[in-house]
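J.: Here you go, sequence then predicted model.
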Amino acid sequence: MKHLILTILSALVLFSGCVSFSTTADWDPSADFRGFKSFNFSQSFDEIKLIDLDKRRIKSAVTAEMEKRGYQLSDTPDLLINGYVTSKEKVVVTNTHYGGMSPYMWGPWYTSTDVNSYIEGTLLLSIIDIKQKKLIWEGKAEGITNSTGGDKRTREINEIINSMYRKYPI
């Protein structure tokens, strides 16, 4: 019974982080975001160290968010979008102690140690005003994503990008 409870608690801790992420954004308050009409992705965006499927998912999600704000994808854009991805392996060690004295008996203490590792990633999106040649907005998403693919992975990436763009000035 004790082992079952520990297993359930360990699983809750592990799975609660599977789609855990946080987003932040920063922008130039002097930039006229409504004055821009078009955007495109920089050539370096294709060099992001991700599998091609995830790059396409990110591009698709960013395109949808930019189009919601009235921008058009163009070969002669006003805005250029750069991307950068990093990742780190993290390790969590959990020690659980149980046993000891009760009103009816004295028992030994037991210790259980669980070691879990996971990958925490960071995605940076930068938007550059091409005419001014300066950064006007940067969004950042940090956290843990699920390793599954398909529709679930696409929804997860869409959720991350959507959360990042909630902090967009318009």
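T.: Noted; the coordinates are in hand.

J.: can you pull out the strands in the protein?
T.: 21-27, 38-41, 72-73, 79-101, 106-129, 134-143 (DSSP state E).

J.: average pLDDT for the fifth one?
T.: Mean pLDDT, taken over the full extent of strand 106-129, equals 79.

J.: Per-residue pLDDT of Tyr71, please?
T.: So Tyr71 comes in at 98 (pLDDT).

J.: close enough to count as contact, it and Lys37?
T.: Yes - the criterion here is C-beta atoms under 8 Å, and Tyr71 meets it with Lys37 at 6.6 Å. In short, each C-beta sits where N, CA and C put it, glycine included.

J.: Looking only at neighbour counts, state which of the two leads.
T.: Tyr71 (21 against 12; other C-beta atoms under 10 Å).

J.: Now the phi/psi pair for that one, please.
T.: phi -90, psi 150 (degrees, to the nearest 10).

J.: for it, what are its contacts?
T.: By C-beta atoms under 8 Å, 6 or more residues apart in numbering, the residues touching Tyr71 are Phe36, Lys37, Ser38, Phe39, Leu79.

J.: Repeat the analysis, applying 10 Å as the threshold.
T.: Going by C-beta atoms under 10 Å, 6 or more residues apart in numbering, Tyr71 touches 33, 36-40, 63, 65, 77-79, 127, 170.

J.: Fine by me, thanks again.
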